[in-house]
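> Attaching a predicted model along with its sequence, questions to come.
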Amino acid sequence: MPDITNPLLTTFNPFLTNKSFRGQMERIIKGAENVGFVDASFQAMMKGVGWKGGEAWCMYYCKLVYMQFFSFDREFLAKHFNGSTIGTLQNVINLNAKGDKRYLFIAENTPQVADIICLQGHVALVQEVISPTVVRTIEGNTNLKGVREGEGVSENKRTLIVGKPSFGQMFKGYIRRNFTEDELKKLYYDETEKTLKFK
């Protein structure tokens, strides 16, 4: 499987510094969770990828980032990625079993930048690989303690070992865009649209 870490290191992190995807906070309403966001434009983007008020939104956040970053896969992502962490993971596993390897489930301690971290009931994005078991993340619906029901988008540092908990949530593995050698040769980053494209 091609290693896509190097091309993404210079593109994925700056993309995530876009204020539309970082530092977003929920509107806090007493007695209610996941009711909406302080930034109306961010809320509109989240609704655009399927989020409905009241739903947990960490997976929708990853879907939103992926649909922007891997814009050539929007139709695929709209069909197979949803708001359920476990549901999306199972969709990818089922596709892999049928021979569709565009996105892979990797149950190993081999993180790459831009992987989706799959925890029991929560997801995050790999922003930086520090070691095979330590990564810096960006994740929605969490806080600096890495909880699965937080109040915004946060960066965290996680130790991830398959089958072991991270901040109390069992780590299952990664979802990764699997580029072929031919795709990698055609891949480039469009600075204007802030997305990867094929030549």
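All right, it came through fine.
> okay, now the nearest residue to residue 195 once chain neighbours are set aside: neighbour count?
In space, and not counting its chain neighbours, residue 195 is closest to residue 71: 4.1 Å by C-beta to C-beta, 6 or more residues apart in numbering. C-beta coordinates here come from the backbone N, C-alpha and C atoms, glycine included. For residue 71, the neighbour count with other C-beta atoms under 10 Å is 15.
> got the contact list for residue 71?
Neighbouring residues of residue 71 by C-beta atoms under 8 Å, 6 or more residues apart in numbering: 193, 195, 196, 197.
> out of those, which are buried?
For those, a neighbour count by 16 or more other C-beta atoms under 10 Å gives the buried set as 195, 196.
> Farthest pair within the contacts of residue 71?
193 and 196 (9.6 Å; C-beta to C-beta).
> Can you name the residues that contact the residue nearest the centre of the chain?
By C-alpha atoms, centre = their mean, the chain has its centre lying nearest to residue 62, at 3.2 Å. For residue 62, the contact set (C-beta under 8 Å, 6+ apart) comprises 81, 116, 123, 124, 125, 140.
> Got phi/psi on it?
phi -60, psi -40 (degrees, to the nearest 10).
> what's the distance between it and residue 48?
Computed as C-beta to C-beta, to the nearest Å, the residue 62 to residue 48 distance reads 14 Å.
> Closest one to residue 102 out of the contacts of residue 62, please.
Nearest member of these to residue 102, counting by C-beta to C-beta, is residue 81, at 11.7 Å.
> Need the per-residue pLDDT for that closest one.
Looking at residue 81, its pLDDT is 98.
> what's it in contact with, if anything?
Counted by C-beta under 8 Å, 6+ apart, residue 81 has contacts 59, 62, 63, 66, 88, 91.
> Sketch out the low-pLDDT regions of the chain for me.
1-7, 9, 30-31 (pLDDT under 70).
> where's the residue nearest to the centre of the chain relative to residue 28, distance?
Residue 62 is 23 Å from residue 28, where distance means C-beta to C-beta.
> ditto for residue 12
Counting by C-beta to C-beta - residue 12 and residue 28 are separated by 30 Å.
> ditto for residue 166
Counting by C-beta to C-beta, the gap from residue 166 to residue 28 is 26 Å.
> With neighbour numbers in mind, choose between these two.
Per other C-beta under 10 Å, whichever of residue 166 and residue 28 has more neighbours is residue 166, with 21 against 12.
> isn't that one right next to residue 159, touching?
Yes: applying C-beta atoms under 8 Å, one finds residue 166 in contact with residue 159, separated by 6.1 Å.
> between the contacts of residue 71, which is closest to residue 180?
The closest of the contacts of residue 71 to residue 180 turns out to be residue 196 (C-beta to C-beta; 14.1 Å).
> Double-check that the closest one belongs to a strand.
Yes: the assignment for residue 196 by DSSP: H, G, I helix; E, B strand; the rest coil puts it in a strand.
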